[in-house]
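Enquirer: can't give you the sequence, but here's the structure:
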């Protein structure tokens, strides 16, 4: 029997045009900073928590999302991604807990500083990092600058959002906490089933 050929990856589709909030809305976080666009970047101004949510249909599984983000000012999370996973939602926190923690909030009832996805990462202010998340029914993987930081099976874990305001960025969105953040080159594609 001949070997099966791997399917070609789906093409990436842009989620942000670099010029407007077309397809996005400000997340109604209390105490939020200003959201603006400058130099083809989506700027989340410093506030208690500032963010945006995607207003168009988005899959709940079998997808990948990639983006670049920089913390311009502050020392907490700047690239919090709220994302769907099956019938639930979760957030991928980057730079939380005083700026150096990466992980999922929540996993099995524990936030990113307390569960098995918690990873230290030294983020420098003003530098853009590339992020990629892949969600399938069986597995969730995440990388920063092509370095895998999360790789775990979906069952038997329970994914949910932390008990704060991140649910205001559902079903797909970005959030920063007490920082000024810049996002650019946001895109997605259908994921290969893994």
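Expert: Nice, I can see it. These numbers come from a predicted model, not from an experiment. Residues are numbered from 1 along each chain as shown.
Enquirer: From the contact counts, what lies against the worst-scoring helix or strand of the chain on mean pLDDT?
Expert: When each helix and strand of the chain is scored by mean pLDDT, DSSP states H and E, helix 96-99 comes last, with a mean of 90. Here helix 96-99 touches strand 101-105, going by 3 or more C-beta pairs under 8 Å, 6 or more residues apart in numbering; DSSP states H and E. (Each C-beta comes from the backbone N, C-alpha and C, glycine too.)
Enquirer: so how far is the strand it packs on off the chain centroid?
Expert: 10 Å (C-alpha atoms, centre = their mean, to the nearest Å).
Enquirer: Repeat that for stretch 12-19.
Expert: From the chain centre to the centre of stretch 12-19 is a distance of 15 Å (C-alpha atoms, centre = their mean).
Enquirer: so how far is the first residue of stretch 90-110 from its last?
Expert: 11 Å (C-alpha to C-alpha, to the nearest Å).
Enquirer: List the buried residues in it.
Expert: Using 16 or more other C-beta atoms under 10 Å as the burial criterion, the residues of stretch 90-110 that qualify are 90-97, 99, 101-107, 110.
Enquirer: Check stretch 10-21 too.
Expert: For stretch 10-21, by 16+ other C-beta under 10 Å, it's 15, 16.
Enquirer: Residues touching that stretch, excluding its own?
Expert: With C-beta atoms under 8 Å, 6 or more residues apart in numbering as the test, stretch 10-21 has contacts from 23-24, 35, 37, 40-42, 52, 54, 65-66, 183-191.
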